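>>> what follows is a predicted structure for the sequence shown.
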Amino acid sequence: MKKYKSIRPGQVWLDTEGKRIQAHGGSVMYLDGVYYWYGENKEKTTGKDDIWHWGVRCYTSADLYNWEDKGLIIPPETDNPVSSLHPSSMMDRPHIIYNKSTKKFVCWMKIMNRDGSQTETVMTADHILGPYEKVREGLRPLNMSAGDFDLAVAPDGKAYYYFERVHSETICADLTPDYTDVTGYYSTHFPHSHPPYVREATAHFERNGRHYLVTSGTTGYLPNPSETAIADTWHGPYTVLGNTHPKDASQTSFHSQISSVFRVEGRKDLYIAVADRWVPDGMDLSYEEYSQLYDQMFSPDHEGPVRFDEKYGNDAERDTSVADYVWLPFRFDKDMAYLDWIDEWKVEDYE
């Protein structure tokens, strides 16, 4: 297998065994000189049967280019149809943080239930690669239906949970000392009356003492413009600075959705946005066509399927086993964080 020497956004990315990397809705953690990239394993999610996921998979790398498959760190629970980890369960966006006090890795996963509600499953492990033990299932944080989210840990060990209160607003909630629940203290941000304006896919990062939230609109696997916001504290208030991808004429965030952001160790100011291109075949649509689809998706007067769904299937019918990744470095202009398209780039080219 030929080794990679660069990152090529939007191109098929294979692991060291020559197989597609399956770490969607993923995040990257740096531990003892090794990068761990984990996410949803979509290898069996072809849209032809009732398989939404096949567990959480993890890969390791020393250079961010070449990734070794470490297998399923959280396997699907195939023998329990009512489990939140059954392959038919709509489990999304696993996020893992490390608790220095308990010495546990804590993983939260969003579960989209059949009744339309969204809950969380929480698991813990002694090592990032597992095995993980389920400690909470069916959790409704703050008694809210909780959607896409991110987790973050402050230098003092306090942890925070940023999530979409489904089709309403963004919540920042304090986590309990063991990181497995919320304390009850929270703040609200970006209120909107309905999709697609409600913000989801929240990704938090901190730079120069300031807090960034990068979010997308609520349009399912159909991509839309991302938005950058900034604050001086974990709870804000957050000021929306604008479109994260202003040079993208298609207004689709380069046909991708960001799931997380991480800073590269040993580099002065290199932050990488980890994003999924969920439906690569959908790139043949124009901005005008996307705009019409947005109108159809969220118009109360529209009846029947949306044309995008007719061609590519609804979210449950799409073949996300062939979804690609769009990793791009942030460009900072004063406070604003931008993402520009680069066909191929190297970590070594950044300070």
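Sure, I can see it. Numbering: from 1, shown residues only.

>>> next SSE downstream of the helix or strand bottoming out on mean pLDDT in the chain?
In the chain, the helix or strand scored least confidently by mean pLDDT, DSSP states H and E is helix 307-312, which has a mean of 61. Tracing the chain C-terminally past helix 307-312 and defining elements by DSSP states H and E, one meets strand 324-333 next.

>>> can you list the strands that the following helix or strand past that next one pairs with?
As assigned by DSSP H and E, the chain's next helix or strand after strand 324-333 is strand 336-339. Note on strand 336-339: by DSSP bridges, its sheet partners are strand 324-333 (antiparallel).

>>> what's in contact with the partner strand?
For strand 324-333, the surrounding residues in contact (C-beta atoms under 8 Å, 6 or more residues apart in numbering) are 7, 9-13, 21, 207, 254-256, 261, 269-277, 280, 337-342, 345, 350. In this view, the C-beta of every residue, glycine as well, is placed from N, C-alpha and C.

>>> only the buried subset of those, as a PyMOL command please.
Here is the PyMOL selection string for the buried members of these, based on 16 or more other C-beta atoms under 10 Å:
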select buried, resi 7+9+10+13+21+207+254+255+256+261+270+271+272+273+274+275+276+277+280+337+338+339+342+345
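
>>> of the contacts of strand 324-333, which belong to strands?
Residues of the contacts of strand 324-333 located in strands (DSSP state E): 207, 261, 271, 272, 273, 274, 275, 276, 277, 337, 338, 339.

>>> now those as CSV including pLDDT and distance to residue 179?
As requested, the ones in strands among the contacts of strand 324-333 are exported to CSV (pLDDT from 0 to 100; distance: C-beta to C-beta, whole Å):
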residue, pLDDT, distance to residue 179
207, 97, 23
261, 98, 20
271, 98, 23
272, 98, 24
273, 98, 24
274, 98, 21
275, 98, 25
276, 98, 25
277, 97, 31
337, 98, 26
338, 98, 32
339, 98, 29
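
>>> and of those, the nearest to residue 68?
Lowest distance from residue 68 to the ones in strands among the contacts of strand 324-333 (C-beta to C-beta) belongs to residue 274, with 17.7 Å.

>>> what residue is smack in the middle of the chain?
residue 259 (2.2 Å; C-alpha atoms, centre = their mean).

>>> so it, which of the three states?
strand (DSSP: H, G, I helix; E, B strand; the rest coil).

>>> need the pLDDT of the closest residue to it other than its chain neighbours.
Nearest non-adjacent residue to residue 259, counting by C-beta to C-beta, 6 or more residues apart in numbering: residue 25, 4.8 Å away. At residue 25, the pLDDT value in this model is 97.

>>> next: residue 193.
86.

>>> how about residues contacting stretch 148-161?
With C-beta under 8 Å, 6+ apart, stretch 148-161 has contacts from 92-93, 95-101, 106, 108, 110, 141, 162-164, 171-175, 179, 182, 200-204, 206, 234, 260.

>>> now, of these, which are buried?
Applying 16+ other C-beta under 10 Å to those, the neighbour count classes 92-93, 95-97, 99, 106, 108, 110, 141, 162-164, 171-175, 179, 182, 200-204, 234, 260 as buried.

>>> which residue is the nearest non-sequential neighbour of residue 129?
Nearest residue to residue 129, sequence neighbours excluded (C-beta to C-beta, 6+ apart): residue 73, at 5.2 Å.

>>> distance of that neighbour from residue 341?
Between residue 73 and residue 341 the distance is 32 Å, computed by C-beta to C-beta, to the nearest Å.

>>> could you do residue 123 as well?
Counting by C-beta to C-beta, the gap from residue 123 to residue 341 is 36 Å.

>>> now do the contacts for residue 176.
Counting by C-beta under 8 Å, 6+ apart, residue 176 touches 182, 183.
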